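>>> okay, predicted coordinates and the sequence, questions at the end:
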Amino acid sequence: MAKVAAGARPEKIDETIVSVERAFDIIGMLADSVDGFPLAEIARRLDLNKAIVSKLLNTLESQMLVWRDERAQRYYLTYRISNLGLRHLQTSRLLDQCSAALRQLAEETGELVRLAIVEPGGQRIVWVQSFAGSKRSLRIDPNYTLEIGLHTHATGKAWLSTLPFADALKLLMHQGIEASTAYSKTSISDIRAELEEVARRGFALSYEENELGVGAVAAPILASTLGGAPECVGVVSLAAPTNRMSRADLESCGSFVMATTRRLGETWPLEARARSGAFPRMVE
């Protein structure tokens with residue numbers, strides 16, 4: 001089976017509007033930029049002529065999604081996108097209900113704790129909240145621009161372990177299974193064996209597989225649906241520098257992370273479960 005390059009798009013559906021896709025390409029591009037981009041650079045990156053890009057930017061500007069620095073002639077993303085995301089999360093009470101449990105885990109361990117949720121449709125998982133423990137002076141900086149590596153991040157492994165392997169493999173092949181470090185697993189058989197082990201013990205471990213000097217442990221949040229069957233609605237992870245936590249140290253934190261996810265699963269907002277399109281948990 002051929003690999004799909006990381007970051008590749010899913011197969012196009014006939015009923016798509018290209019201009020909408022391009023507008024979101026611009027939004028994603030600006031979201032990752034500190035200094036913004038001039039019109040010419042955006043056009044170059046999208047491989048489009050300036051007239052088309054100018055119309056797209058004017059439309060986004062009229063909707064207050066981007067703003068233009070008249071002096072520097074550069075475009076920046078506004079906070080409206082962030083506000084829309086926060087409004088969506090607030091309507092489901094996710095952040096309110098999760099904050100106490102996540103903050104407690106961060107304070108007890110002194111490390112970075114993050115919450116990722118499975119997006120509606122069950123095709124992607126994204127980080128939405130983080131807490132850094134105050135007991136340590138050396139911390140990992142949470143970076144929400146990073147895509148969650150499904151085979152390299154503990155969060156990705158924890159989620160995939162709840163899926164039938166055929167579904168997990170489709171997601172892996174779409175994202176790509178290239179190595180991020182010398183410790184990344186890229187063999188499908190090795191990845192499958194690890195996911196089966198994660199499913200058995202209830203938490204996943206990543207030790208310098210996504211980034212050198214960083215290790216993490218993660219566990220899935222399982223919540224009952226209206227039909228009664230549990231599904232993975234999110235993942236909680238705990239990350240630490242490897243010079244402070246060994247692999248064994250991180251493994252010992254697995255039970256604490258699992259206790260947090262059980263607590264969250266029991267109180268996960270019902271409306272958030274109803275909107276979730278996550279696959280059911282793998283039972284073999």
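That came through fine.
>>> CA only for contacts and neighbour counts going forward, please
Fine.
>>> give the residue farthest from the middle of this protein.
The C-alpha centroid of the chain is most remote from R71, which lies 35.6 Å away (C-alpha atoms, centre = their mean).
>>> just checking, that one is part of a helix?
No - secondary structure of R71, determined by DSSP: H, G, I helix; E, B strand; the rest coil: coil, with no helix assignment.
>>> can you give me the end-to-end distance of stretch 201-208?
Here the two ends of stretch 201-208 are set 20 Å apart, with distance taken as C-alpha to C-alpha, to the nearest Å.
>>> next one: that stretch to chain centre, how far?
Taking C-alpha atoms, centre = their mean, to the nearest Å, one finds the center of stretch 201-208 at 16 Å from the center of the full chain.
>>> now the strands for the stretch 151-284 of the chain?
Taking DSSP state E, counting those that start in this stretch as the criterion, the stretch 151-284 of the chain carries its strands at 204-207, 214-224, 230-241.
>>> make CSV out of these and add mean neighbour count, distance to A101 and mean pLDDT.
Formatted as CSV, the strands of the stretch 151-284 of the chain follow (neighbours: other C-alpha atoms under 10 Å; distance: least, C-alpha to C-alpha, whole Å; pLDDT from 0 to 100):
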stretch, mean neighbour count, distance to A101, mean pLDDT
strand 204-207, 26, 19, 97
strand 214-224, 27, 12, 94
strand 230-241, 26, 10, 93
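>>> for S99, find the nearest of those strands.
Closest to S99 of the strands of the stretch 151-284 of the chain is strand 230-241 (C-alpha to C-alpha; 11.6 Å).
>>> how about the closest one as PDB, C-alpha atoms only?
C-alpha atoms of strand 230-241 as PDB (Å, rounded to 0.1, in the frame of the first residue of the first chain):
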ATOM      1  CA  PRO A 230     -18.700   3.700  24.700                       C
ATOM      2  CA  GLU A 231     -16.700   5.800  22.100                       C
ATOM      3  CA  CYS A 232     -13.500   7.800  22.200                       C
ATOM      4  CA  VAL A 233     -14.400  11.500  22.400                       C
ATOM      5  CA  GLY A 234     -11.000  12.800  23.300                       C
ATOM      6  CA  VAL A 235      -7.600  12.200  24.800                       C
ATOM      7  CA  VAL A 236      -5.700  13.500  27.800                       C
ATOM      8  CA  SER A 237      -1.900  13.600  27.600                       C
ATOM      9  CA  LEU A 238       1.000  14.400  30.000                       C
ATOM     10  CA  ALA A 239       4.300  15.500  28.500                       C
ATOM     11  CA  ALA A 240       7.700  16.100  30.100                       C
ATOM     12  CA  PRO A 241      11.300  16.700  29.100                       C
END
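>>> what helices and strands are in contact with that strand?
The helices and strands touching strand 230-241, judged by 3 or more C-alpha pairs under 8 Å, 6 or more residues apart in numbering; DSSP states H and E, are strand 112-118, helix 154-160, strand 214-224, helix 254-267.
>>> comparing these, which comes out most buried?
helix 154-160 (a mean of 30; mean count of other C-alpha atoms under 10 Å).
>>> next, give phi and psi for the residue farthest from the centre of the chain.
Dihedral angles of R71 (phi, psi; degrees, to the nearest 10) stand at phi -70, psi -50.
>>> with V126 instead?
phi -140, psi 150.
>>> that one: how many residues sit nearby?
By the measure other C-alpha atoms under 10 Å, the count of residues near V126 is 19.
>>> so it touches I148, yeah?
Yes - with contact defined as C-alpha atoms under 8 Å, V126 reaches I148; the gap is 6.9 Å.
>>> nearest residue to the middle of the protein?
The chain, centroid-nearest residue using C-alpha atoms, centre = their mean: V126 at 2.4 Å.
>>> nearest to I52, out of the strands of the stretch 151-284 of the chain?
In terms of C-alpha to C-alpha, the element of the strands of the stretch 151-284 of the chain nearest to I52 is strand 230-241, at 38.5 Å.
>>> next, the angle helix 254-267 makes with that closest one.
140 degrees (axes from the mean of the first three to the mean of the last three C-alpha atoms, to 10 degrees).
>>> got any ranges where this protein has weak pLDDT?
In the predicted model, the chain carries pLDDT under 70 at residues 1-15, 88-94, 135-146, 226-228, 270-284.
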